[in-house]
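> this one's structure only:
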């Protein structure tokens, strides 16, 4: 990511210490920009016990700047990250949803605080990158139009292999050796259960079979599990998978198959959608419905769907076929061709295939997932 400053040929390039940002800075230099490298510190290592690579990342970013002979700066958004990303993550888990902190990190930290650190009126579209496997539009789907106008994506037309080739040719061997960054944005990979239990109190509950309502085990908290995940059940030979969570009772409903019909749904409702280029798209305003494609996980195949616009800016999303493990708290990201239209957080799910097979509606089955704050919402008429 690079944010254009006031002068037309000056850019501030966010350096993570990894290969992508290093090559981005290199390409910007090649294209004649005056580049300043900036490393963002967003997680305070003093807040917990454990391993954090922030100091090593900063050192690697600094070495890139030395190699390119460009200025290097470090900024700290530790407080902002805690208040606007990590607190959000904890709150979503407590509500029984599964959050996506990377999307919120891009929205609040990289494309808000960092953008304003760097410092004007055409609608800018957000298009998929050349390397569809590494395409980042999913994570950028909450970025403001104002931020995108001031942003350059130097790697958008390159594949990951070609990025690595450029890095090797220019001696960035120390960043080529690094593993791909994974895990929670700016926090990294660690034992999820141990990590979250440092910040949230255990809330024990039961694992309950979706088929006969029998209790078959216990857990330390709904927030430790997400829809579709294998449940940790001792003494049982077969695998059981999380299909629904009741945050009021603490019950987690599980099914005895990874492809159980209770895991499949074809209807969801978002909160107010953030649209990138049109607010909302003209077709959706005109017809109150629009066909497009959808995903709620970064690398899942796009699924055709129909959006129905509500008066409050939320949308109902009807999928052409049921898909596995739709998850409240994740973001529904919408596309038309190569354009990312925007996204909205999943707040409410329609009944599962299993519920419909039992001849029940949502109202007849209290176990269906329904986020607390959307109970009062009904489709706008």
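Now that the structure is in, tell me what you want to look at. Because the structure is a prediction, the values reported are computed rather than measured. Numbers count the residues shown, from 1 in each chain.
> so where is the stretch 51-200 of the chain shaky, pLDDT-wise?
When residues are selected by pLDDT under 70, those of the stretch 51-200 of the chain lie in 51-53, 119-122, 182-183, 186.
> mind running it again at 80?
51-54, 119-122, 179-190 (pLDDT under 80).
> helices along that one, start to end?
54-68, 78-81, 87-94, 101-105, 114-118, 145-149, 160-169, 173-176, 192-196 (DSSP state H, counting those that start in this stretch).
> tell me what the third one is packed against?
Where contact means 3 or more C-beta pairs under 8 Å, 6 or more residues apart in numbering; DSSP states H and E, helix 87-94 is packed against helix 101-105. For the C-beta atoms, the positions are set from N, CA and C on the backbone; glycine is no exception.
> contacting residues around the closest residue to residue 326 other than its chain neighbours?
With C-beta to C-beta, 6 or more residues apart in numbering as the criterion, residue 326 has its nearest non-adjacent residue at 4.9 Å, and that residue is residue 265. Residues near residue 265 by C-beta atoms under 8 Å, 6 or more residues apart in numbering: 322, 323, 326, 349, 350, 351, 352, 353.
> what's opposite residue 265 in the beta bridge?
residue 323 (DSSP bridges).
> I'd say residue 352 and residue 264 touch.
Yes - in this structure, residue 352 is within contact of residue 264 by C-beta atoms under 8 Å, at 6.2 Å.
> who has more neighbours, those two?
It is residue 352, of residue 352 and residue 264, that has more neighbours when counted by other C-beta atoms under 10 Å, with 29 against 19.
> ok, the residue lying closest to that one once chain neighbours are set aside - how many residues close by?
Using C-beta to C-beta, 6+ apart and skipping residues adjacent in sequence, the residue nearest residue 352 is residue 262, 4.9 Å away. Number of residues near residue 262 (other C-beta under 10 Å) recorded here: 24.
> just residue 21 next, same as before
24.
> make sure it is indeed in a helix.
Yes - assignment of residue 21 by DSSP: H, G, I helix; E, B strand; the rest coil places it within a helix.
> how much space between it and residue 155?
Distance from residue 21 to residue 155, counting by C-beta to C-beta, to the nearest Å: 9 Å.
> now do residue 252
From residue 252 to residue 155 the distance is 41 Å (C-beta to C-beta).
> neighbour count: these two, which is higher?
Comparing residue 252 with residue 155 by other C-beta under 10 Å, the one with more neighbours is residue 252, at 27 against 23.
> note down every partner strand of the helix or strand encompassing that one and its orientation.
Using DSSP states H and E, residue 252 sits within strand 251-255. Applying DSSP bridges, strand 251-255 is found paired with strand 205-209 (parallel), strand 241-246 (antiparallel).
> dump the helices of the stretch 51-200 of the chain into a markdown table; add mean neighbour count and distance to residue 125 as well.
Listed next are the helices of the stretch 51-200 of the chain as a markdown table, based on neighbours: other C-beta atoms under 10 Å; distance: least, C-beta to C-beta, whole Å:
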| stretch | mean neighbour count | distance to residue 125 |
| --- | --- | --- |
| helix 54-68 | 18 | 30 |
| helix 78-81 | 17 | 28 |
| helix 87-94 | 17 | 27 |
| helix 101-105 | 22 | 18 |
| helix 114-118 | 18 | 18 |
| helix 145-149 | 16 | 8 |
| helix 160-169 | 15 | 23 |
| helix 173-176 | 15 | 30 |
| helix 192-196 | 14 | 35 |
